[in-house]
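>>> sequence first, predicted coordinates after that:
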Amino acid sequence: MPHFSRLTDIITCSITEILSVSPDPGQALKEILEEMNEGLAACRRNVRTSANNGERLKREISEYEAQLKEWKDRARQFLADGDEDGARDSLRRKVEVEDLIAGLRPELDAANSTWQHMLRIQKALEARQAEAVRRMQEMTGYIPVDETQSATAAMSASAEVVERANEVEAELEALKREMNS
């Protein structure tokens with residue numbers, strides 16, 4: 001029986017409460033971890049997809065911004081050659097590109113917002129998963145392995161663990177200095 005229907009259910013769950021009503025807490029925790037791993041894998045895919053969408057839109061806007069300059073330069077050249085109709089057509093094309101950029105900017109903002117939102121969810125899921133892993137280690141004595149991670153994701157996660165450990169150490173040193181002053 002699934003314990004969670006949405007990613008936010010994982011974030012807001014009380015593992016202690018779930019385990020306290022389960023006839024087999026060890027099995028329930030194993031199932032919870034499997035669901036968390038699946039949810040985290042899906043969340044990571046969403047983070048990558050939204051980041052890629054944002055990067056694609058940035059490139060597209062940048063390309064159109066370059067076109068703006070080209071159309072304005074063409075209009076200048078047509079005017080210099082005495083061709084007002086050519087200049088007018090070039091300026092119309094410039095306005096079309098400006099309208100296109102104006103339509104893409106909110107899409108870029110939405111993609112960036114989605115990326116930030118999914119990244120926050122990913123961090124919360126990782127924290128909840130770490131809690132479940134600790135509980136599993138306390139109950140069984142071993143640390144379960146997330147088999148849904150690819151080797152690349154595992155290496156990236158390892159680097160992130162080291163980075164977070166460094167952040168914790170830096171914060172610990174700051175607290176020590178604060179207490180000694």
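On my side now, so go ahead. Numbers count the residues shown, from 1 in each chain.

>>> local confidence estimate at residue 27?
At residue 27, the pLDDT value in this model is 87.

>>> residue contacts, residue 77?
By C-beta atoms under 8 Å, 6 or more residues apart in numbering, residue 77 lies in contact with nothing. (C-beta placed from N, C-alpha, C; glycine too.)

>>> quick check: it vs residue 66, distance?
17 Å (C-beta to C-beta, to the nearest Å).

>>> need phi/psi at residue 102.
phi -60, psi -30 (degrees, to the nearest 10).

>>> any idea how far it is from residue 91?
In terms of C-beta to C-beta, residue 102 sits 16 Å off from residue 91.

>>> equivalent analysis for residue 101, please.
15 Å.

>>> per-domain residue ranges of the chain.
Domain segmentation of the chain under automatic domain parsing yields 7-148, 150-181.

>>> got a list of contacts for stretch 98-113?
In contact with stretch 98-113 (C-beta under 8 Å, 6+ apart) are residues 50, 53, 54, 57, 58, 60, 61, 64, 65, 68.

>>> which helix or which strand is home to the fifth one?
Spelled out, it's residue 58. helix 25-80 (DSSP states H and E).

>>> show me the shaky parts of the protein.
Across the chain, the ranges flagged by pLDDT under 70 are 1-3, 5, 145-161.

>>> try it again with 90
Flagging of the chain using pLDDT under 90 yields the residue ranges 1-22, 24-32, 35-36, 136, 138-179, 181.

>>> for stretch 23-35, give me every contacting residue.
1-4, 10, 13, 15, 18-19, 22, 129, 132-133, 135-136, 139-140, 144.

>>> buried set for stretch 95-107?
97, 101 (16 or more other C-beta atoms under 10 Å).

>>> centre of the chain to that stretch, how far?
25 Å (C-alpha atoms, centre = their mean, to the nearest Å).

>>> export that stretch as CSV, just CAs?
Presented in CSV, the C-alpha positions along stretch 95-107 are these (Å, rounded to 0.1, in the frame of the first residue of the first chain):
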residue,chain,number,x,y,z
VAL,A,95,8.7,45.0,-33.9
GLU,A,96,7.6,41.4,-34.5
VAL,A,97,10.8,40.2,-32.9
GLU,A,98,10.3,42.6,-30.0
ASP,A,99,6.7,41.1,-29.5
LEU,A,100,8.1,37.6,-29.6
ILE,A,101,10.7,38.5,-27.0
ALA,A,102,8.0,40.1,-24.9
GLY,A,103,6.1,36.8,-25.1
LEU,A,104,9.1,34.7,-24.2
ARG,A,105,10.2,36.6,-21.1
PRO,A,106,7.2,35.5,-19.0
GLU,A,107,7.9,32.0,-20.1
